[in-house]
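>>> take this sequence and fold it.
(chains A, B and C)
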Amino acid sequence: MNPSGTVFEKILLDVEKDIYVENWVVSSEEFKDNSMSKWRIEKRRLKGGLGDGVDIVEVDNGRLSFTMVPTRGMGIWRGRCGEDSLGWDSPVKELVHPHYVNLEARNGLGWLAGFNEWVVRCGLENNGAPGEDVVVDNRGNQKRVILPLHGKVANIPASFVSAFVKAGKPMELGVNGEVYERSMFGPNLKLSTSVTTEVGSNWLRIRDVVENLGGIDTEMQLLYHCNYGTPLLEEGSHLMAPVKQVAPRDLRSSEGIESYSKFSKPQPGYVEQVYFHELLGDERGCTKVALVNKKATKATSLSFNLRQLPYFTLWKNMASVEDGYVIGLEPATNFPNHKAFERRHGRVVNLKPSERYEVEITFAVHSDEAEVRLLEDEVRKIQRRVKPKIFSHPDLEFSPG
Amino acid sequence: MNPSGTVFEKILLDVEKDIYVENWVVSSEEFKDNSMSKWRIEKRRLKGGLGDGVDIVEVDNGRLSFTMVPTRGMGIWRGRCGEDSLGWDSPVKELVHPHYVNLEARNGLGWLAGFNEWVVRCGLENNGAPGEDVVVDNRGNQKRVILPLHGKVANIPASFVSAFVKAGKPMELGVNGEVYERSMFGPNLKLSTSVTTEVGSNWLRIRDVVENLGGIDTEMQLLYHCNYGTPLLEEGSHLMAPVKQVAPRDLRSSEGIESYSKFSKPQPGYVEQVYFHELLGDERGCTKVALVNKKATKATSLSFNLRQLPYFTLWKNMASVEDGYVIGLEPATNFPNHKAFERRHGRVVNLKPSERYEVEITFAVHSDEAEVRLLEDEVRKIQRRVKPKIFSHPDLEFSPG
Amino acid sequence: MNPSGTVFEKILLDVEKDIYVENWVVSSEEFKDNSMSKWRIEKRRLKGGLGDGVDIVEVDNGRLSFTMVPTRGMGIWRGRCGEDSLGWDSPVKELVHPHYVNLEARNGLGWLAGFNEWVVRCGLENNGAPGEDVVVDNRGNQKRVILPLHGKVANIPASFVSAFVKAGKPMELGVNGEVYERSMFGPNLKLSTSVTTEVGSNWLRIRDVVENLGGIDTEMQLLYHCNYGTPLLEEGSHLMAPVKQVAPRDLRSSEGIESYSKFSKPQPGYVEQVYFHELLGDERGCTKVALVNKKATKATSLSFNLRQLPYFTLWKNMASVEDGYVIGLEPATNFPNHKAFERRHGRVVNLKPSERYEVEITFAVHSDEAEVRLLEDEVRKIQRRVKPKIFSHPDLEFSPG
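Numbers count the residues shown, from 1 in each chain, chains lettered A, B, ... in the order given. Okay, here's the model as predicted:
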């Protein structure tokens, strides 16, 4: 056993150094980990179908497991904790190589053809609803372009990937990745991500840094689309969150504002409802939201900081299982309106040359009543005596309505 | 030799089960087939050029051979029967990976960059001329989108492929495939295809099922673009078909209405002519069309059922050999007008959740005068004494003109 | 040693013959070349990241080396001569597979997402600024389509590649390639290229032939986008060229007309300036342009013939190093305005069926004062006593302004 803190890192992909490892595995057995937990990290390349050529890295800490997808912007396809699957059941079953996703297709909705991840980043030039925006082109002229739904980053392959094991009790397992969203005469943004977990634990943590590599200021948007279906999502389950304000996105969403945080059973033909939140945080800005099942015996939570991710969106798609019965918990730098609207409301990040934007989110799974009660206490503590302000109708500060 | 009816099936691709076979072959030799015919099924993956990464399955029954293309929606690239090639000589010579086909490019004409198959399905959300249509988006709003020429299915890779050999006298050879045309908030259609032939025979049969996997009703269109060039297409060859009505698609096509079913030699600069048919069928709806060579010594026929494929289109492109001298025989669920026009004329299929749409087409090659005469008798029998109604000008029931 | 003129040719890719070589190398050692120079040709396939699946061929003549990219239309990624790198430092660092380039994205500017080559061809249907054009579609109707920035050819993989070694003193090394830009009902153009160098030399030569394989006349445009950054580009470096006329492309460019041929240091936020040239040539049409460093101790030149490439463009992008500090020397069949403008000014090539258009360009590196002085003499000789006409403002003969 190595001394605590020692890191073993395996580079799986480094475009600059011309390194690419097609298949690779490391596990508790080879690593002579004497703990009870059997952990494992495996890197594979998929073959055939829409996922042909997609690289995945599967991390299993012995209790919680998840699948990273370097080829799809270092998203997390799906997870599992004990018996329960994390993520959702999209109509799109297989991992889709970005080659098959034409973001500008269907009037900017092409992103949906590859959408089935548990956690998918939306950004970096833009996220949210598709539509026209004005950018400055190579001639210095204003040019109208389509900004497609949720931006490019989820469909850009990583240029660097490594897996690492950090000695300690418990040991830490992790995957690092770098994704570049860049073009000549366009944004030049680097996403560096580190996703870690501890052996035997019920959590994983994403630490992201977005850096402007360009020589001039650039805009940036970042949203974490964290999606849950059955079994955690069920009739009677609900969203738990410390809320300052919440507003329905549109008239359709205002129909359901009275029970906006409650989830129903699947309803064929259901049209999505979306709620924009301003959350409360503790003195350091830390906050926590969770999906809690009907009996309050299980929950899954997201912890993050409002100074990094000040806006939170709840996406309710109570459609039939076939059409994607799912909710999205979406902490972000903005609301997922069209970028032009967000810019007018001051919700677009500006990064100077070399400036970095850091984000940390922790995902945890709570597996019994006691753990769920603890979670409730935490959220209640953040809420304190603040009475949430709930807008019954769309408000122009939040959305175009 | 196995007892009659026993099936040997080899799974070549199964995304769900993570199975992918790069190269594989089975033949009469290994199979201890004591018949005279040397048959063979071979699966390969192409490398380099525009076809890099394309999977093909070549089936040779000893007399008739053809190449299936799982990566291009289970289309049939080209065939051969004895000396004669089946298919045509497109300006696009090589198989084109869907990655190189941007369907929305060139104002919705991008499909043409990969068009060179003998038999290619057009569908499933739409087929026919490109143009704007209105769909319902995730918010329940109407959204204008481009429906590209001939839809997506020919540029979607299969998620399941197997090859099989069925014992019997004669033996049956076949390829099964599954292709999914689906997206979150979009159509969710599954095409299951089984293409079979018998050892030593002059035919192959396509059996397709399209199923709506979604939780709500969905529209569906399906057209089989079956294309023939030389040697069967030649000056003096003609289309043989039992016709109830035929109408030219546009003014250009009405120019040639008098000899619409006759084929000329290649003419540089020729602009395509298209004829929309209502065919006659027998009491069960069965019908048959054929391309017959000048001397009536060779023909190639399509047999199908009008209850499944009620509309038939003849595409005449008598252009130079360099520009694609070809005719298309196109049985379909509709005429290949823009979908919005077909919808107004009740020619778009509606599928309820789990509803299936079945289609069967048999392709046969007739290699001497006697066989061609037999074919003529069959078609004449279906025509009986019905006098075809021939529209000299475009008719608004058939096309926008 | 083989007798002079004997050619050893290795086919690395031939789609028609189903030949593909993934990795291959030949060098002076195996070839028993007794000369002092150690030369080498190596073919590799990249793995991982945006360049996954890209084929490259690296040629090193012992003094000058360069990397051909069959997967990107036989462009030249980057080169090196002694200590000096040839090419530039684009914000896009890695080779980008065409699959990741959607030419129609960003309102026709998608090409920029893959732009980082030293020498990249722009064409063949069009080059220059993106915008709408009118083409004739399959029905003989006029159809409005987007012609994307700089056309398709740089994002089409070659269908044939070979490397060759020609015996002699010195030996010749070369790479041949064939790229097809074709579609049903679209242009049908074949680019055949042969890139050669001599062992130990300071030059490479591109010999291109574009042929119309179609049965009818077709338009063609071809521009060689030859890009240079540091170290040859530096404050005080300049363009040397025999000039008849030069005009700024737009008002932004006219701002810098007084020092149009001088290059400054990188300036964050600089907006590109572009100058359209009519050059002078010798009695056979031969001409020469060069980028000369500040001290006149180093230069890189392009030699070509005005009968083949009558129009020359200088692109100045004096932006920060992060945003692409670069100049482009661009000999072409036209100016890189939108094709419709060039057509109106008679600067679009028309090719009849089977007609061929030949181009030859030689790139050389001049490494000391004496060589640079020789180069200056050559250019001065072509200039003779002709006084360049310099337009201070955009002129409608050259650009829309």
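>>> how about the nearest residue to the residue of the stretch 151-300 of chain A found nearest chain C, chain neighbours excluded?
Closest residue of the stretch 151-300 of chain A to chain C, CB to the nearest CB: residue A:215 (3.0 Å). Bear in mind the C-beta positions are built from the backbone N, C-alpha and C, glycine included. Closest residue to residue A:215 apart from its sequence neighbours, by CB to CB, 6 or more residues apart in numbering or on different chains: residue C:320 at 3.0 Å.
>>> contacting residues around that neighbour?
A:214-216, A:353, C:266-270 (CB atoms under 8 Å, 6 or more residues apart in numbering or on different chains).
>>> what about the residue nearest to residue A:325 when sequence neighbours are not counted, distance to residue A:257?
Spatial nearest neighbour of residue A:325, chain neighbours left out: residue A:266 (4.3 Å); criterion: CB to CB, 6+ apart. Plainly put, residue A:266 is 21 Å away from residue A:257 if you go by CB to CB, to the nearest Å.
>>> what's the answer for residue A:58, then?
According to CB to CB, residue A:58 and residue A:257 sit 40 Å apart.
>>> contact partners of the top helix by length along chain A?
Longest helix in chain A by number of residues (criterion: DSSP state H): helix A:369-383. Residues from elsewhere that reach helix A:369-383, judged by CB under 8 Å, 6+ apart: A:240-243, A:280-282, A:286-290, A:292, A:296-299, A:301, A:366.
>>> can you tell me the residue of the stretch 251-400 of chain A closest to chain B?
Taking CB to the nearest CB, the stretch 251-400 of chain A has residue A:320 as its residue nearest chain B, at 3.0 Å.
>>> related to what we said a few turns ago, need the buried ones from the contacts of residue C:320 selected in PyMOL.
In PyMOL, a selection of the buried entries from those looks like this (16 or more other CB atoms under 10 Å in any protein chain shown):
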select buried, (chain A and resi 214+215+216+353) or (chain C and resi 266+270)
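>>> picking that back up, average pLDDT for the longest helix of chain A?
Averaging pLDDT along helix A:369-383 gives 97.
>>> please apply the same query to stretch A:65-77.
Mean per-residue pLDDT for stretch A:65-77: 98.
>>> ends of that stretch, how far apart?
11 Å (CA to CA, to the nearest Å).
>>> in what helix or strand does the closest residue in space to residue A:81 that isn't next to it in sequence lie?
Nearest residue to residue A:81 in three dimensions, chain neighbours excluded: residue A:365, at 4.0 Å (CB to CB, 6+ apart). Secondary structure assignment for residue A:365, by DSSP states H and E: strand A:356-366.
>>> so which bits of that strand are buried?
Neighbour-count burial for strand A:356-366 flags A:357, A:359-366 (criterion: 16+ other CB under 10 Å).
>>> same for that strand, what does it pack against?
Applying 3 or more CB pairs under 8 Å, 6 or more residues apart in numbering or on different chains; DSSP states H and E, one finds that strand A:356-366 contacts strand A:84-86, strand A:203-212, strand A:218-228, strand A:299-305, helix A:369-383.
>>> and with 7 Å instead?
If you count contacts as 3 or more CB pairs under 7 Å, 6 or more residues apart in numbering or on different chains; DSSP states H and E, strand A:356-366 packs onto strand A:203-212, strand A:218-228, strand A:299-305.
>>> paired strands for the shortest one, with orientation please.
Here strand A:299-305 has these sheet partners by DSSP bridges: strand A:286-292 (antiparallel), strand A:356-366 (antiparallel).
>>> just to revisit the earlier point, how much space between the residue of the stretch 251-400 of chain A closest to chain B and residue A:269?
Residue A:320 is 8 Å from residue A:269, by CB to CB.
>>> go on, residue A:278?
31 Å.
>>> over to residue A:181?
The spacing between residue A:181 and residue A:269, counted by CB to CB, is 36 Å.
>>> run through the stretch 101-250 of chain A and note the low-pLDDT ranges.
Counting by pLDDT under 70, the stretch 101-250 of chain A shows no low-confidence range.
>>> chain B contacts on that one?
Contact residues (CB under 7 Å from any CB of the partner chain) of the stretch 101-250 of chain A with chain B: A:102, A:104-107, A:109, A:112-113, A:115, A:250.
>>> cross-check those residues against chain C and keep the overlap.
Near chain C, judged by CB under 7 Å from any CB, the entries from those are A:102, A:104.
>>> re earlier: so which strand or helix has the residue of the stretch 151-300 of chain A closest to chain C?
Using DSSP H and E, residue A:215 maps to neither a helix nor a strand.
>>> just checking, it touches residue C:319?
Yes. If you go by CB atoms under 7 Å, residue A:215 and residue C:319 touch, sitting 6.4 Å apart.
>>> anything in contact with each of those two?
Applying CB atoms under 7 Å, 6 or more residues apart in numbering or on different chains, one finds that residue A:215 and residue C:319 are jointly contacted by residue C:268.
>>> helix or strand next in line after the longest helix of chain A, which one?
Following helix A:369-383 in sequence order, the next helix or strand is strand A:389-390 (DSSP H and E).
>>> quick one on the thing from earlier: so which of the buried residues of strand A:356-366 comes closest to chain C?
Nearest to chain C out of those is residue A:357 (CB to the nearest CB; 17.4 Å).
>>> give me every residue that touches the nearest residue to the closest one once chain neighbours are set aside.
Leaving out its chain neighbours, the residue that sits closest to residue A:357 by CB to CB, 6+ apart is residue A:210, at 4.6 Å. Contacts for residue A:210 (CB under 7 Å, 6+ apart) come out as A:124, A:189, A:191, A:220, A:222, A:356-357.
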